[in-house]
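Trainee: task: produce atomic coordinates for the following.
(2 chains)
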Amino acid sequence: MMTTIDLTEQGLRYLNETLQQQSAGTNQQDWTIINPRGSHAIAVGLDAPIQVTVNGSTGYYCGGMNKQATIMVKGSAGPGVAENMTSGMVVVEGDASQYAGATGHGGTLVIRGNAASRCGISMKGIDIIVAGNIGHMSAFMAQKGNLVVLGDAGEALGDSLYEARLYVRGSVKSLGADCIEKDMKDEHIKQLAELLERADMDADPASFRRYGSARQLYHFDVDNVSAY
Amino acid sequence: MCGIVGLFLKDDAMKPQLGEMLSAMLITMTDRGPDSAGIAIYGDESKGMTKLTIQSEQPDVDFPALEKHLNDHANLNSKTLNIIAKDTHAVMSVADAEGDMILGIIKNQFPTIRIMSQGQSIEIYKEVGLPKDVVSRFALAQAGGSHGIGHTRMATESAVTTLGAHPFSTGQDQCLVHNGSLSNHNMMRRNLRAEGIDIQTENDSEVAAAYLTARMSDGETLGEALTSGLNDLDGFFTFVVGTKTGFGVLRDPIACKPAVMAETDAYVAFGSEYRALVNLPAIEAARVWEPEPAEVYFWSH
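Mentor: Numbering: from 1, shown residues only, chains lettered A, B, ... in the order given. Sure, this is the predicted structure:
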């Protein structure tokens, strides 16, 4: 059964309270939000395996702190989409503004258009797949997880990177401090194929380059590698 | 924070609605800055005439006194001045040749009157207060024009006053609004004043406006002046700049301050957020994008 919430009529507080109250066994699995009109903090803090479709573009922090839910934005997303997500999936059909997926601990963020600056900043385990380009300072201080870019990356990619993996198919304008290109091994091809399939994107994994940390800037200790 | 909106019309048929659309856009940005608000409107011009937008805390006293003084003035041809107050502001239309002289008279003899703007087309209205109140005090929803810029301020670098509100105008038909903060504005203010540029406040954004005015008076186009600004202005900024013929947009290379643009066959629109654009005609079909850092955008009639 699909339930529709009109954000203009029913308000943001009602929307988020209602969605946050859903539990794993809810009968109301499918939700559609109409008239988002660029509002902030749409569908934040969800914690149930529900499907939420937002019919239009959103403002700051859509899908923030998401757990379990699948959130589909049928438009573009403002700054901080899916910020600090732990699980579930957020899909943006258009473009995403700055710091998409920032600090995310888990789950999947798919952006079908371009992402602006600071995409995946300080990511901690989230997987981010961008069909278009990403802006400058993306994956800054990224600790864990995967950032996949089918287009180009802007300046200072992966600056002060920890153990996140960055896969870019197009050009990289420049690499940030301590970020280097690394070999694409079979395990990376396999992982990338899985990520692309999850995002429903058609691209040859062998056409990507991989970037990661040179491990000169932070105190990397091989004994801790399993922590990443 | 701070909120910026801008609207540049390509379709002349929409001109009478410019103020209404721009006012509504500005009100949606109220929560980005509730301290003060302002709008620059580029409206109709009459050949040979300059518009002066003036402001006073005591318009009932100052404006009739100025009107009488100028109409009694022996050396002025503008003898039939009729200064009609719009709340604290008034727009005077004077002969081009007498604009500077009248400005001099105001500066020297009417110290409680402030000059908001001068030019053939520009009018600036700005005050302390919420956008909805500022817009209604000056009946901006009724204003027509070819393009306009609005700003709602959350003050960081200088006091919450009328003169600290945006837009800032430091040259004929020029104005600038700013979201961000500049870190080298004191040094730059001293240098610009030494070049002879008039800067009225201690506000960082006015320095950016004055900088562009100085570069353009050196012969640079607005586009070239904005490019120069990338080298000389240090700090965070999203600027929207107006001239008689159009408007430009520039973000600093770090681009922390948000910006969204939309373009259709009928208009180009700017908003700090997409929320500001949602009521524009045919926005669903518009090309909507985030302007790139350190890239100069400009549209002109």
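Trainee: make it CA atoms for all contacts and neighbour counts henceforth
Mentor: Will do.
Trainee: around chain B, which positions in chain A sit nearby?
Mentor: A:37, A:38, A:39, A:57, A:58, A:59, A:78, A:95, A:97, A:116, A:117 (CA under 8 Å from any CA of the partner chain).
Trainee: and the residues you listed, which are buried?
Mentor: A:37, A:38, A:39, A:57, A:58, A:59, A:78, A:95, A:97, A:116, A:117 (16 or more other CA atoms under 10 Å in any protein chain shown).
Trainee: which residue comes closest to whichever residue of chain B sits closest to chain A once chain neighbours are left out?
Mentor: The nearest approach of chain B to chain A comes at residue B:275, 4.6 Å away (CA to the nearest CA). Leaving aside its sequence neighbours, residue B:275 sits nearest to residue A:38 (CA to CA, 6 or more residues apart in numbering or on different chains; 4.6 Å).
Trainee: likewise for residue B:276?
Mentor: Residue B:276's closest residue in space is residue B:25 (CA to CA, 6+ apart), at 4.7 Å.
Trainee: what helix or strand is residue B:55 on?
Mentor: Using DSSP states H and E, the element containing residue B:55 is strand B:49-56.
Trainee: minimum distance to chain B, which residue of chain A gives it?
Mentor: residue A:38 (4.6 Å).
Trainee: wait, what's in contact with that residue?
Mentor: A:56, A:57, A:58, A:59, A:77, A:78, B:273, B:274, B:275, B:278 (CA atoms under 8 Å, 6 or more residues apart in numbering or on different chains).
Trainee: again, 10 Å this time
Mentor: Taking CA atoms under 10 Å, 6 or more residues apart in numbering or on different chains as the criterion, residue A:38 is in contact with A:56-60, A:62, A:75-78, B:273-278.
Trainee: now do the SS call for it.
Mentor: Assigned with DSSP: H, G, I helix; E, B strand; the rest coil, residue A:38 falls in the coil class.
Trainee: residues from chain B in reach of chain A?
Mentor: Contact residues (CA under 10 Å from any CA of the partner chain) of chain B with chain A: B:253-260, B:273-279, B:284, B:288-293.
Trainee: hang on, the earlier thing: can you give me the distance of the residue nearest to residue B:276 to residue A:115?
Mentor: 25 Å (CA to CA, to the nearest Å).
Trainee: ok, these two, which is more surrounded?
Mentor: More crowded of residue B:25 and residue A:115, by other CA atoms under 10 Å in any protein chain shown: residue A:115, with 32 against 29.
Trainee: check residue 153 and give its pLDDT.
Mentor: Unless you meant another one, I'm taking chain A. pLDDT for residue A:153: 98.
Trainee: nope, chain B
Mentor: pLDDT, read off for residue B:153, is 96.
Trainee: which ones are touching residue 183?
Mentor: Went with chain A since none was named. Contacts were defined as CA under 10 Å, 6+ apart; by that measure residue A:183 touches A:209, A:210, A:211, A:212.
Trainee: um, chain B though
Mentor: B:157, B:204, B:233, B:234, B:235, B:236.
Trainee: pLDDT of the helix or strand harbouring residue A:166, averaged?
Mentor: Assessed by DSSP H and E, residue A:166 sits inside strand A:165-168. Average pLDDT, strand A:165-168: 98.
Trainee: just the helices in the chain please.
Mentor: Picking chain A for this. A:7-10, A:12-20, A:186-198 (DSSP state H).
Trainee: that's the wrong chain, I wanted chain B
Mentor: Under DSSP H, chain B gives helices at B:18-28, B:59-72, B:99-109, B:131-137, B:185-194, B:204-217, B:222-232.
Trainee: could you say which of those is packed most deeply?
Mentor: Using mean count of other CA atoms under 10 Å in any protein chain shown, the stretch among the helices of chain B with the largest mean neighbour count is helix B:18-28, at a mean of 25.
Trainee: show me what that helix is packed up against.
Mentor: Contacting helix B:18-28 under the criterion 3 or more CA pairs under 10 Å, 6 or more residues apart in numbering or on different chains; DSSP states H and E are the following elements: strand B:3-9, strand B:36-42, helix B:131-137, strand B:147-153, strand B:267-271.
Trainee: which of the ones you listed sits most buried?
Mentor: Ranked by mean neighbour count, the helices and strands packed on helix B:18-28 are led by strand B:147-153 with a mean of 32 (mean count of other CA under 10 Å).
Trainee: that one vs strand B:36-42, what angle?
Mentor: Relative orientation of strand B:147-153 and strand B:36-42, computed by axes from the mean of the first three to the mean of the last three CA atoms, to 10 degrees: 170 degrees.
Trainee: okay, angle between strand B:147-153 and helix B:18-28 too, please.
Mentor: Using the same axes, to 10 degrees: strand B:147-153 against helix B:18-28 is 20 degrees.
Trainee: still on that earlier bit, of the residues of chain B next to chain A, keep whichever come out buried.
Mentor: B:253, B:255-260, B:273-278, B:288-293.
Trainee: so which of the residues you listed are in strands?
Mentor: Assignment to strands by DSSP state E places the following of these there: B:260, B:288, B:289.
Trainee: turn these into a markdown table, including pLDDT and distance to residue A:154.
Mentor: Below are these laid out as a markdown table (pLDDT from 0 to 100; distance: CA to CA, whole Å):
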| residue | pLDDT | distance to residue A:154 |
| --- | --- | --- |
| B:260 | 98 | 19 |
| B:288 | 97 | 20 |
| B:289 | 97 | 17 |
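Trainee: burial check on residue B:75, number of neighbours?
Mentor: Residues near residue B:75, counting by other CA under 10 Å: 11.
Trainee: ok, it - contacts?
Mentor: Residues in contact with residue B:75 (CA under 10 Å, 6+ apart) are B:98, B:101.
Trainee: hmm, what's the outermost residue in chain B?
Mentor: Farthest-out residue of chain B from its mean C-alpha position, per CA atoms, centre = their mean: residue B:74, at 33.1 Å.
Trainee: so how far is residue A:139 from that one?
Mentor: 70 Å.
Trainee: and what of residue A:171?
Mentor: In terms of CA to CA, residue A:171 sits 16 Å off from residue A:139.
Trainee: count of residues packed around the closest residue in space to residue B:56 that isn't next to it in sequence?
Mentor: Spatially, and ignoring its direct neighbours in sequence, residue B:56 is nearest to residue B:113 (4.8 Å; CA to CA, 6+ apart). Residue B:113 has 20 neighbours, counted by other CA under 10 Å.
Trainee: so what pLDDT did residue B:113 get?
Mentor: Looking at residue B:113, the pLDDT reads 97.
Trainee: mind listing what it touches?
Mentor: B:54-59, B:62-63, B:66, B:88-89, B:106-107.
Trainee: now residue A:67
Mentor: Counted by CA under 10 Å, 6+ apart, residue A:67 has contacts A:44-50, A:84-89, A:106-107.
Trainee: ok, which pair from those residues is furthest apart?
Mentor: By the measure CA to CA, A:50 and A:84 form the most distant pair in the contacts of residue A:67, at 18.4 Å.
Trainee: more neighbours: those two, which one.
Mentor: residue A:84 (27 against 24).
Trainee: just give the nearest non-adjacent residue to that one, would you?
Mentor: residue A:104 (4.0 Å).
Trainee: surely that neighbour meets residue A:87?
Mentor: Yes: counting by CA atoms under 10 Å, residue A:87 is a contact partner of residue A:104 at 8.8 Å.
Trainee: which neighbours do these two share?
Mentor: The overlap between the contact sets of residue A:104 and residue A:87 (CA under 10 Å, 6+ apart) consists of A:65, A:66, A:125, A:126, A:127.
Trainee: tell me the contacts of the nearest residue to residue B:280 once chain neighbours are set aside?
Mentor: Computed as CA to CA, 6+ apart, the closest residue to residue B:280 that is not its neighbour in sequence is residue B:21, at 7.2 Å. The contact partners of residue B:21, taken as CA under 10 Å, 6+ apart, are B:6-7, B:14, B:140-144, B:148, B:276-277, B:279-281.
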